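**Student:** Sequence and predicted structure below; questions after.
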Amino acid sequence: MNDYYSEPIERDTCWRQDYVDGINRWLETCRREAAVERAAFMTPEAYAAAPEEYRRKLIEMLGFPLNSAVPVPECTAVFVAEDDNVDIYRMQFTFFGTLKCYGMYFRQKHVRHAPLVVSIHGGEGTPELCSSLHNDSSNYNHQTRRVTDRGCNVFAPQLLLWKVSKYGNPFDRGMTNARLRQLGGSVTALELALMRGCVDCLLEREDVDPDRMGVIGLSYGGMYALLLAAVDTRFRSCFSSSWFADRYVYAKEDWSYRNALRTFGDAEMAALIAPRRLVIAMGTHDELFRSTYTMEESDRLTPFYRALGAERELEIYEFFGLHEQDRSDRGMDFFLEGI
């Protein structure tokens, strides 16, 4: 056997550390350069002149299947229960003949033609959880039912985000996203396309007022609420809670998109809602996102509403709380008044 040279692992540790540090320094330089490009990409004046062009660019960034035609799905409804003001249904939607998704639908019993609000859960959640079907609603603070109590029909969709250790039904969101990226898309684009298709189906119901729609969400749901209202102008009002921040600081594979640092950050995505109503709320003691980043990112958003003369349609605030839906009615009142 040859007498090969060997040495302790500690001798090469510094070389690997230099590699890691070099990547991080280089990425920071790239981030600063990208910030300059982002500022030039979408100015308030440019957006005011061509809002649909920027909406198209956002849809193209998110990709397949949002950027393609998605037919209205087939729908079945199963009655679950009723209470004082709503009938509750579990609704399943079939896309492309084989893809089945579902959500909870709360139909007003005493209002014949009610507004429709989409209520979106966050990470590790379900529509049942954010709609208080499990006795309590965790950090959603009765998000869905606070809306139904104000006379709205509510659709709460299930996203590919539930806590497997609690609910079962294992899945791999990262792998799903990777496969969609190979097709030119993203899991974000898929779920936005499915939610839009579900809404298309619900708007065929006689109990829904198609001219009065809103969307509300917490955490991941706050991201989807922003994006759904950004790409679909049928939504008159949006409430995004515990999400809005600096996406370079809070980067994650399934909410990171090609060239986003040079084009669409949270502020630019939210700006596509202007001049429609938008509420952004963040807890002062949020465990996942620092509210200071929310306020800094809002400095980029406010000029878009100002340029369209719609400053009164924008409400950005901190509330005393954790990573949760605001327990007070401040944001909820403003959001629902805009529908």
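**Tutor:** Looks like it arrived, so ask away. This structure is a prediction, so every number in the text was calculated from the model and none was measured.
**Student:** Which stretches in the stretch 101-250 of the chain count as strands?
**Tutor:** 114-120, 153-157, 208-218, 237-241 (DSSP state E, counting those that start in this stretch).
**Student:** So which of these is nearest residue 266?
**Tutor:** For the strands of the stretch 101-250 of the chain, proximity to residue 266 was assessed by CB to CB; strand 237-241 is nearest, at 9.0 Å. All C-beta atoms are positioned from the backbone trio N, CA, C, and that covers glycine.
**Student:** can you list contacts of the closest one?
**Tutor:** 214-219, 221-223, 225-226, 228-229, 270, 273, 276-282, 324-326, 331-332, 335-336, 338-339 (CB atoms under 8 Å, 6 or more residues apart in numbering).
**Student:** likewise stretch 192-209?
**Tutor:** Contacts of stretch 192-209 (CB under 8 Å, 6+ apart): 62, 65-66, 70-73, 75, 91, 93, 95, 99, 101, 103, 105, 107-108, 112-116, 118, 120, 153, 155, 157, 210, 213, 224, 227-228, 231-232, 234.
**Student:** Kindly supply the ChimeraX command isolating those of these that are buried.
**Tutor:** Only the buried entries of the contacts of stretch 192-209 go into this ChimeraX selection, using 16 or more other CB atoms under 10 Å:
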select :62,65,66,70,73,75,91,93,95,101,103,105,107,108,114,115,116,118,120,153,155,157,213,224,227,228,231,232,234
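**Student:** Show me the contacts of stretch 192-209 that map onto helices.
**Tutor:** Counting by DSSP state H, the part of the contacts of stretch 192-209 found in helices is 62, 224, 227-228, 231.
**Student:** Would you convert the residues you listed into JSON lines that also reports distance to residue 53?
**Tutor:** Output for those, formatted as JSON lines (distance: CB to CB, whole Å):
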{"residue": "62", "distance to residue 53": "16"}
{"residue": "224", "distance to residue 53": "23"}
{"residue": "227", "distance to residue 53": "17"}
{"residue": "228", "distance to residue 53": "19"}
{"residue": "231", "distance to residue 53": "13"}
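**Student:** of these, closest to residue 2?
**Tutor:** Among these, and counting by CB to CB, the member closest to residue 2 is residue 62, at 55.2 Å.
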